[in-house]
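In: okay, structure incoming, though there's no sequence with it:
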């Protein structure tokens, strides 16, 4: 983080605490997928923690990672916009039409709670995740795709089944995993195979 | 993270994924304190995410922070042992008697799921958090104390009231906040004052 800017010191810390209080709301944003034990739906705050752990553990597979703390922060903050914009289901094409606009407004308000220098840093991190071009952003995006596949595989694939998701759809929407790392791309194939064996995911039916 | 060790590559990734699946259980460990909106108890995974954000936002107040990614990871992993050992309530003196022993066994098992080099790295991070000596560990510990105070202040102090916690007890158990940073120590006083004004926390009664 940058050094304190020109805010009076106490105002600065108050703004930071206001932000930290506001983002508590991310714990009440529900995602479609369920925990691995299928006990309930996952919320976005605990997903974001899991993502931090995926990024820390799997960083070695993505070439060119220079700044692991940036990669971790990309994971920790990329879904903060859901406090205002809600979780857009990964497979919801209609929701994705105005996703960018809704989330950009949310980023403006939520990061804007912070002192100006930190607001700018966090906003830039959020943009970097969305653009998915740097090694750190590729890692964070790949982890963000892999995490729900791992959970769906073990929780019976409830959200896949509810929405008619096929292996072909998963492969098509998750090419960024292989782009970030061939090893992780290969692991996605192993997970798809395991999900099929467990009955969490259908087999593709050619000709349909 | 270190580079891959001598495990065959696919075994290594499988171990890492087994670890990432196992730690999903942290989402089912409940803490005593409640969310800021008092809607439910907080779980340890979402607390760990919140802690990552506290650490990222407040790092500037702790002198001598050289490695922000380490500070963040200390926050992200320090409660993983609760998967086996459960959450020991901060004010539970009896629970604290065997906390270290229970958590040490848990660390052995849970970090031991990882490849040896990462298991060693994560175990060392967990020890560093527990010892609370380095600037990064002081920051992570201070954040770990501040986070529930912020939530209790805004959620009516339910877990404080259930357990008869007084401002004097808070000050006594949270000296590490001021040790990490005088500004954060001052902010704790502001929070205690706000909690009292909101009726979330009693006033100390001298002479009782």
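Out: Looks like it came in fine. Here the structure is a predicted model, which means the values were calculated and not measured.

In: for the closest residue to residue A:100 other than its chain neighbours, give its distance to residue A:111.
Out: Nearest residue to residue A:100 in three dimensions, chain neighbours excluded: residue A:130, at 7.9 Å (CB to CB, 6 or more residues apart in numbering or on different chains). The C-beta positions use only the backbone N, C-alpha and C, and glycine is treated the same way. Distance of residue A:130 to residue A:111, given as CB to CB, to the nearest Å: 13 Å.

In: briefly note if stretch A:71-82 comes near chain B.
Out: Yes - using CB under 8 Å from any CB of the partner chain, stretch A:71-82 reaches chain B at A:72-73, A:76-77.

In: for residue A:158, see how far away the residue nearest the centre of chain A is.
Out: Among the residues of chain A, the smallest C-alpha distance to the mean C-alpha position (CA atoms, centre = their mean) belongs to residue A:144, namely 4.1 Å. For residue A:144, the distance to residue A:158 (CB to CB) stands at 19 Å.

In: from the residues of stretch A:71-82 next to chain B, which land in helices?
Out: A:72-73, A:76-77 (DSSP state H).

In: what helix or strand is residue A:53 located in?
Out: Using DSSP states H and E, residue A:53 maps to helix A:44-58.

In: average model confidence for that helix?
Out: Across helix A:44-58, pLDDT averages out at 98.

In: give the buried residues for it.
Out: For helix A:44-58, a neighbour-count test (16 or more other CB atoms under 10 Å in any protein chain shown) marks A:44-58 as buried.

In: now do stretch A:62-81: distance from first to last residue.
Out: End-to-end distance for stretch A:62-81: 26 Å, by CA to CA, to the nearest Å.

In: and that stretch, how far from the chain's centre?
Out: Averaging C-alpha positions (CA atoms, centre = their mean, to the nearest Å) puts stretch A:62-81 10 Å from its chain's average.

In: what's the mean pLDDT across that stretch?
Out: Stretch A:62-81 comes out at a mean pLDDT of 96.

In: buried residues in it, which are they?
Out: Those would be A:62, A:65, A:68-81, for stretch A:62-81 by 16+ other CB under 10 Å.

In: of those, closest to chain B?
Out: The closest of the buried residues of stretch A:62-81 to chain B turns out to be residue A:69 (CB to the nearest CB; 3.3 Å).

In: how close does the closest residue to residue A:63 other than its chain neighbours get to chain B?
Out: Computed as CB to CB, 6+ apart, the closest residue to residue A:63 that is not its neighbour in sequence is residue A:135, at 6.6 Å. Remark: distance between residue A:135 and chain B (CB to the nearest CB, to the nearest Å) = 14 Å.

In: I figured residue A:135 hits residue A:68, correct?
Out: No - Residue A:135 lies out of contact with residue A:68 (CB atoms under 8 Å); the separation is 10.5 Å.

In: the bottom helix or strand of chain A by mean pLDDT?
Out: Ranking every helix and strand in chain A by mean pLDDT, DSSP states H and E puts helix A:93-97 at the bottom, with a mean of 81.

In: tell me the buried residues in whichever helix or strand comes after that helix?
Out: Once the chain leaves helix A:93-97, the next helix or strand it forms, by DSSP H and E, is helix A:99-111. Buried positions in helix A:99-111, judged by neighbour count with 16+ other CB under 10 Å: A:99, A:102-103, A:106-107, A:110-111.

In: partners of the longest strand belonging to chain A, with directions?
Out: Once chain A is assigned using DSSP state E, the strand that runs over the most residues is strand A:30-34. Counting by DSSP bridges, the strands paired with strand A:30-34 are strand A:41-43 (antiparallel).

In: residues touching the strand it pairs with, excluding its own?
Out: Contacts to strand A:41-43, defined as CB atoms under 8 Å, 6 or more residues apart in numbering or on different chains, come from residues A:26-35, A:151, B:27, B:46.

In: name only those of those that count as buried.
Out: Taking 16+ other CB under 10 Å as the criterion, what is buried in the contacts of strand A:41-43 is A:26-29, A:31-35, A:151, B:27, B:46.

In: contacts only, for residue A:62.
Out: Contacts of residue A:62 by CB under 8 Å, 6+ apart are A:135, A:138-139, A:142, A:180-181, A:184.

In: just residue A:184 next, same as before
Out: A:58, A:61-62, A:142, A:146, A:177-178, B:13.

In: redo those residues as CSV? Include secondary structure and distance to residue B:188.
Out: Output for the contacts of residue A:184, formatted as CSV (DSSP: H, G, I helix; E, B strand; the rest coil; distance: CB to CB, whole Å):
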residue, secondary structure, distance to residue B:188
A:58, helix, 37
A:61, helix, 41
A:62, coil, 39
A:142, helix, 39
A:146, helix, 39
A:177, helix, 43
A:178, helix, 48
B:13, helix, 43
